[in-house]
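1. let's see this in three dimensions:
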Amino acid sequence: MKHPKLIMAMCLTVISAGLFSFLTNAQQTDSFNNTQKEEINALIRDYILTNPEIIPEAVEVLRSRQSANALSQSDELLYNDGYSFVAGNADADVTIVEFYDYNCGYCKQVPEVFAKLLEEDDDVRIIFKELPILAESSEFAAIAAMASMKQNKFLDFHSALMKNKRALTEDLILQIARDSGVDEALLIKDMADPEIESNIMKTKYLVQVLGISGTPGFVIGDQIIPGYISYDQLRDIVDKQRQS
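-> Here you go, the predicted structure:
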């Protein structure tokens, strides 16, 4: 190889920026002959074996790039889908998107966290996205919750569903709706709207794009966060997003 030091420097620089991307491109480029490619691969292998700590760093760089790309492609479905309930300040500088299931135990802890955040911070917007994936009753509850928006009863109904500790059934969901001030007959009629199921399918497609596989899941600014987060964690994330 004519310029080993130059190629070594190039390899190390590219590894730190995105190891896997380079490995693919290096094999496909016409800039190197087969001998040079073999020597580059040997340098990369030796460097990785000597510095294995770069692998998690490279994976994190790749994951961050993938997340940023997924978020940029999903802007409309995330923030302006036209059917998800929105709470807080409509002109907030930080938006939190939550994906949840009414049968999810960890999801039931989130409303308390949100209530505290909204009480202390009037510049936050929260978008609620139904992601019924745990049971058939989850689907029925999600459809009912979305239908309750037509009666302006979503928050009351949503909160009551999240506070419920019993196993959800269709009868119990309707009882919770009645107890929340929802007109049951009108609710059942509105639940038959095929647009609701279509919108839920859009959300399920969205989480596939974002790489969210369970509930709860959150998108806050440029971060995709799987799993439950405490108030302190949420407060820290919101503050950092605001600063950036």
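2. could you measure from the residue lying closest to Gln73 once chain neighbours are set aside over to Asp121?
-> Distance criterion CB to CB, 6 or more residues apart in numbering; nearest residue to Gln73, sequence neighbours excluded, is Val209 at 6.6 Å. Just so you know, the C-beta spots here come from the backbone N, C-alpha and C atoms, and that holds for glycine as well. Going from Val209 to Asp121 by CB to CB, to the nearest Å gives 29 Å.
3. mind checking which of these two has more residues around it?
-> Between Val209 and Asp121, counted using other CB atoms under 10 Å, the more crowded position is Asp121 (17 against 14).
4. and Ile126, its phi and psi?
-> Ile126 adopts backbone torsions of phi -120, psi 130, taken as degrees, to the nearest 10.
5. now do the one 3 residues further on
-> In this entry, Lys129 is assigned phi and psi values of phi -120, psi 120 (degrees, to the nearest 10).
6. surely Gly217 meets Cys107?
-> No: taking contacts as CB atoms under 8 Å, Gly217 lies outside contact range of Cys107: 9.6 Å.
7. buried stuff in stretch 149-160?
-> Of all the residues in stretch 149-160, those buried under the rule 16 or more other CB atoms under 10 Å are Met149, Lys150, Gln151, Lys153, Phe154, Leu155, Asp156, Phe157, His158, Ala160.
8. A strand includes Arg125, no?
-> Yes: Arg125: assigned to a strand according to DSSP: H, G, I helix; E, B strand; the rest coil.
9. residue contacts, the residue nearest to it when sequence neighbours are not counted?
-> Leaving out its chain neighbours, the residue that sits closest to Arg125 by CB to CB, 6+ apart is Ala92, at 3.9 Å. Residues near Ala92 by CB atoms under 8 Å, 6 or more residues apart in numbering: Asp123, Val124, Arg125.
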